[in-house]
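K.L.:
coords below, sequence missing:
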Ligand code: SF4
């Protein structure tokens, strides 16, 4: 019987399966960060258990770390305790940690691929919903809760039930100025935030194949915003090339063997999908979100919706609630939305290509005088690379701040946050109420669109600024 | 884990769709290294004003709903971040059952690890049950029989048999999986032979 890529990875990791379909899956790679792990390690200690495979586990502090000068450590006491706790737990259980002073430190979903820890055909988990990012490599990668983190640490397995197969095909070529961020926002707008519930999404089609590895990560990253458990893209030569010679990639004979295996990781002709949708790349435009859910998308030429046009009562109430929170009027043009802040970073768009894309727009330009803008590179290595290319100079001379790596204003657990009613064009992935600070208003955009917004002082069309 | 058996309570009704885990417990409370103590910050932004006083309009601030053990909410409950702090906060507040027409995957799973029962019902039934919340009348949940009893009516719900067993018996997942250590070991041995690069050897 023809199988999907998801079926294949699933079957390949089955340790045990009960009659009711509950399965025990082997986990090849486990990423750990400071926020969702302390209670898991505590659980291990309380029950006298060990970490089964410390070498298959990699830890990093990212959510709580300051993005300004780090020489004085973390001033917020609670944040400090959490980061210190991670450090002592890693020491106690023998897990490799990229601490705050390590050049390799960065957002957990950026460092995994960067180190070659992320590999095709593996099952990768992390106590973080954006683990879906790693699906860009053709790995089955998904977020888990803290109890499950403890379970994986203790057993190197996870109790799971099989999800449904959902394929999203995107064919054609993207218009100028349109990026993979716009593609995924469009997809979420189409299927809704619960559209992928109970499914694993495979992205396919010639547009997806034409994307770079980094652009693929942006798409898989936001799969969770469409409610799916994981997003997958079949690995190809681009992926193999990206992974070759990365510190944790297989070497020598093992590399050849791995590559042979990876080459067969694709959906068979005629495999059955429970759900399937098709998009044409030509029809995708630069997108923004106007509301407080990632499905609240419009094109930059569009208008904010009017609840009066909604028949569904739930939907109408939720539109009104969002408009009210966002401080927007029905039918307002997207381009009339004035912004206060710009945030470029996060595991969605904090990689080197994202920074290049934004810098391209900002070159020889100044940002609007009322806008406060910052770039937070996704990792120490991204930062270093950007500095080698002189991108930091472009950002700084345009008026942006150039920060140290971490999650930063993606979720505002450190000092970087919006004040009530401040409005931000952000390259992150969630525009939930209060996500970037209590009362803060978030518009999700691509890095190029974030740069355009910084220059104009309002949400604007990146195509206007193509150099 | 606390065993889940039968439950009787006046339900609280929160008719908002897409309640995400940021709303259930905002990030400033994720800095804890404990599982307990989060209940007072459940739904923080909706529950307290800028001065930290309770907002009277919010349902869980009102008597008798401040003692509700059952929460009825709009569809796609628990979407967004994977934080288990969300079910920990619900549990610490005293809520051990959430009823909605749909749940986000990770949240749904996290509930079972903490002795919370998430029940999926269609919109029509949810409307009926919400009337009981409005009238401040109790409803009963019987997990063993997979039914909710309200007034003279009852409605059945479905639950995965393995998850149900774990809830009723309060079973620890890890202990159950460790019973399969031999199988894990065999799997690992095969893996070492077929994909040696996985172990970085
Ligand atoms: S960058 Fe944002 S979404 Fe990504 S891991 Fe950090 S907090 Fe989560």
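P.N.:
Arrived safely. Everything numeric here is computed off the predicted structure, so don't read it as measured data.

K.L.:
Tell me which residue in chain B sits closest to the ligand.
P.N.:
Using C-beta to the nearest ligand atom, the closest approach of chain B to the ligand is made by residue B:81 at 7.3 Å. All C-beta spots, glycine's among them, are computed from the backbone N, C-alpha and C.

K.L.:
pLDDT at that residue, what is it?
P.N.:
Model confidence at residue B:81, given as pLDDT, is 87.

K.L.:
hey, which helix is longest across the chain?
P.N.:
Chain wasn't specified; assuming chain A. For chain A, the longest helix by residue count, based on DSSP state H, is helix A:77-93.

K.L.:
The chain in question should be chain B.
P.N.:
helix B:181-194.

K.L.:
what is the rounded mean pLDDT of that helix?
P.N.:
Rounded mean pLDDT across helix B:181-194 is 97.

K.L.:
Residue B:199: how many residues sit nearby?
P.N.:
Neighbourhood size, residue B:199 [other C-beta atoms under 10 Å in any protein chain shown]: 13.

K.L.:
Show me where the stretch 51-200 of chain A has its strands.
P.N.:
A:57-60, A:96-98, A:123-126, A:140-143, A:157-160, A:164-171, A:199-204 (DSSP state E, counting those that start in this stretch).

K.L.:
Ok, the stretch 251-400 of chain A next?
P.N.:
Under DSSP E, counting those that start in this stretch, the stretch 251-400 of chain A gives strands at A:275-280, A:287-289, A:297-299, A:341-344, A:372-375.

K.L.:
does chain B sit close to the second one?
P.N.:
No - using C-beta under 8 Å from any C-beta of the partner chain, strand A:287-289 never reaches chain B; the gap is at least 13.4 Å.

K.L.:
Off-centre distance for that strand?
P.N.:
16 Å (C-alpha atoms, centre = their mean, to the nearest Å).

K.L.:
Now do the same contact list for the spatially closest residue to residue B:33 that is not a sequence neighbour.
P.N.:
Nearest residue to residue B:33 in three dimensions, chain neighbours excluded: residue A:38, at 3.7 Å (C-beta to C-beta, 6 or more residues apart in numbering or on different chains). Applying C-beta atoms under 8 Å, 6 or more residues apart in numbering or on different chains to residue A:38 gives the contacts A:82, A:85-86, A:89, B:33-34.

K.L.:
Okay, residue A:38 and residue A:90: tell me how far apart.
P.N.:
11 Å (C-beta to C-beta, to the nearest Å).

K.L.:
show me the contacts for the closest residue in space to residue A:302 that isn't next to it in sequence.
P.N.:
Nearest residue to residue A:302 in three dimensions, chain neighbours excluded: residue A:334, at 5.5 Å (C-beta to C-beta, 6+ apart). Neighbour list for residue A:334: A:288, A:290, A:298-304, A:459 [criterion: C-beta under 8 Å, 6+ apart].

K.L.:
With neighbour count and distance to residue A:209 added, can I get the residues you listed in CSV?
P.N.:
Converted to CSV, those look like this (neighbours: other C-beta atoms under 10 Å in any protein chain shown; distance: C-beta to C-beta, whole Å):
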residue, neighbour count, distance to residue A:209
A:288, 27, 27
A:290, 24, 31
A:298, 19, 28
A:299, 18, 25
A:300, 23, 27
A:301, 11, 28
A:302, 15, 29
A:303, 15, 34
A:304, 22, 35
A:459, 24, 31
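
K.L.:
Of those residues, which is the nearest to the ligand?
P.N.:
residue A:288 (18.5 Å).

K.L.:
check contacts around the closest one.
P.N.:
Taking C-beta under 8 Å, 6+ apart, one finds A:297-300, A:334, A:425, A:443-445, A:449, A:459 in contact with residue A:288.

K.L.:
List the beta-bridge partners for it.
P.N.:
residue A:298 (DSSP bridges).

K.L.:
which residues of chain B score low on pLDDT?
P.N.:
By pLDDT under 70, the low-scoring segments of chain B are B:201.

K.L.:
can you pull out the helices in it?
P.N.:
B:21-24, B:44-47, B:85-93, B:105-112, B:123-134, B:161-169, B:173-178, B:181-194.

K.L.:
how about these, which one is nearest residue A:52?
P.N.:
helix B:181-194 (8.0 Å; C-beta to C-beta).

K.L.:
can you list contacts of that closest one?
P.N.:
Contacts for helix B:181-194 (C-beta under 8 Å, 6+ apart): A:15-16, A:24, A:26, A:52, A:155-157, B:177, B:198-199, B:201.

K.L.:
same thing but 10 Å
P.N.:
A:12-16, A:24-26, A:28, A:52-53, A:155-157, A:257, A:261, B:177-178, B:180, B:198-199, B:201 (C-beta atoms under 10 Å, 6 or more residues apart in numbering or on different chains).

K.L.:
likewise stretch A:312-320?
P.N.:
A:290-293, A:296, A:304-310, A:330, B:15-18, B:74-75, B:101, B:123.

K.L.:
Buried members of the residues you listed into ChimeraX, please.
P.N.:
Remark: buried members of the contacts of stretch A:312-320, expressed as a ChimeraX selection using 16 or more other C-beta atoms under 10 Å in any protein chain shown:
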select /A:290,291,292,293,296,304,305 /B:17,18,74,75,101
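
K.L.:
what pLDDT does the residue of the stretch 301-450 of chain A found nearest chain B get?
P.N.:
As assessed by C-beta to the nearest C-beta, chain B sits closest to residue A:432 within the stretch 301-450 of chain A, at 4.5 Å. According to the prediction, residue A:432 has pLDDT 93.

K.L.:
nearest residue to whichever residue of the stretch 151-300 of chain A sits closest to chain B other than its sequence neighbours?
P.N.:
As assessed by C-beta to the nearest C-beta, chain B sits closest to residue A:250 within the stretch 151-300 of chain A, at 3.6 Å. For residue A:250, ignoring the flanking residues on the chain, the nearest one in space by C-beta to C-beta, 6+ apart is residue B:197 at 3.6 Å.

K.L.:
Now do the contacts for the one you found.
P.N.:
A:28, A:119, A:122, A:248-251, A:253-255, A:257-259, A:261.

K.L.:
could I get the residues you listed as CSV with neighbour count?
P.N.:
Formatted as CSV, the contacts of residue B:197 follow (neighbours: other C-beta atoms under 10 Å in any protein chain shown):
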residue, neighbour count
A:28, 26
A:119, 28
A:122, 24
A:248, 18
A:249, 20
A:250, 22
A:251, 16
A:253, 10
A:254, 16
A:255, 16
A:257, 15
A:258, 22
A:259, 17
A:261, 16
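
K.L.:
Which members of those occur in helices, if any?
P.N.:
Short answer: these in helices (DSSP H) are A:253-255, A:257-259, A:261.

K.L.:
Residue A:418 reaches residue A:342, doesn't it?
P.N.:
No - using C-beta atoms under 10 Å, residue A:418 is not in contact with residue A:342, being 11.3 Å away.

K.L.:
Is residue A:275 in contact with residue A:201, as I believe?
P.N.:
Yes - with contact defined as C-beta under 10 Å, residue A:275 counts as touching residue A:201 (8.8 Å).

K.L.:
Any idea how many residues pack against residue 27?
P.N.:
Picked chain A for this. 26.

K.L.:
Hmm, no, I was thinking of chain B.
P.N.:
Residue B:27: 23 neighbours (other C-beta under 10 Å).

K.L.:
isn't it right up against residue A:433?
P.N.:
No - the criterion here is C-beta under 10 Å, and residue B:27 misses it with residue A:433 at 12.0 Å.

K.L.:
next one: stretch A:437-448 to chain centre, how far?
P.N.:
Distance, centroid of stretch A:437-448 to centroid of chain: 15 Å (C-alpha atoms, centre = their mean).

K.L.:
and the residue nearest to residue A:106 when sequence neighbours are not counted, what pLDDT?
P.N.:
In space, and not counting its chain neighbours, residue A:106 is closest to residue A:379: 2.3 Å by C-beta to C-beta, 6+ apart. As predicted, residue A:379 sits at a pLDDT of 97.

K.L.:
low pLDDT regions in chain A?
P.N.:
A:467.

K.L.:
do that again at 90, thanks
P.N.:
A:20, A:69-73, A:101, A:312-315, A:318, A:412-415, A:466-467 (pLDDT under 90).

K.L.:
just to revisit the earlier point, turn the strands of the stretch 51-200 of chain A into JSON lines, columns for mean neighbour count and distance to residue A:214.
P.N.:
Listed next are the strands of the stretch 51-200 of chain A as JSON lines, based on neighbours: other C-beta atoms under 10 Å in any protein chain shown; distance: least, C-beta to C-beta, whole Å:
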{"stretch": "strand A:57-60", "mean neighbour count": "25", "distance to residue A:214": "19"}
{"stretch": "strand A:96-98", "mean neighbour count": "18", "distance to residue A:214": "20"}
{"stretch": "strand A:123-126", "mean neighbour count": "26", "distance to residue A:214": "17"}
{"stretch": "strand A:140-143", "mean neighbour count": "28", "distance to residue A:214": "16"}
{"stretch": "strand A:157-160", "mean neighbour count": "24", "distance to residue A:214": "28"}
{"stretch": "strand A:164-171", "mean neighbour count": "22", "distance to residue A:214": "17"}
{"stretch": "strand A:199-204", "mean neighbour count": "27", "distance to residue A:214": "15"}
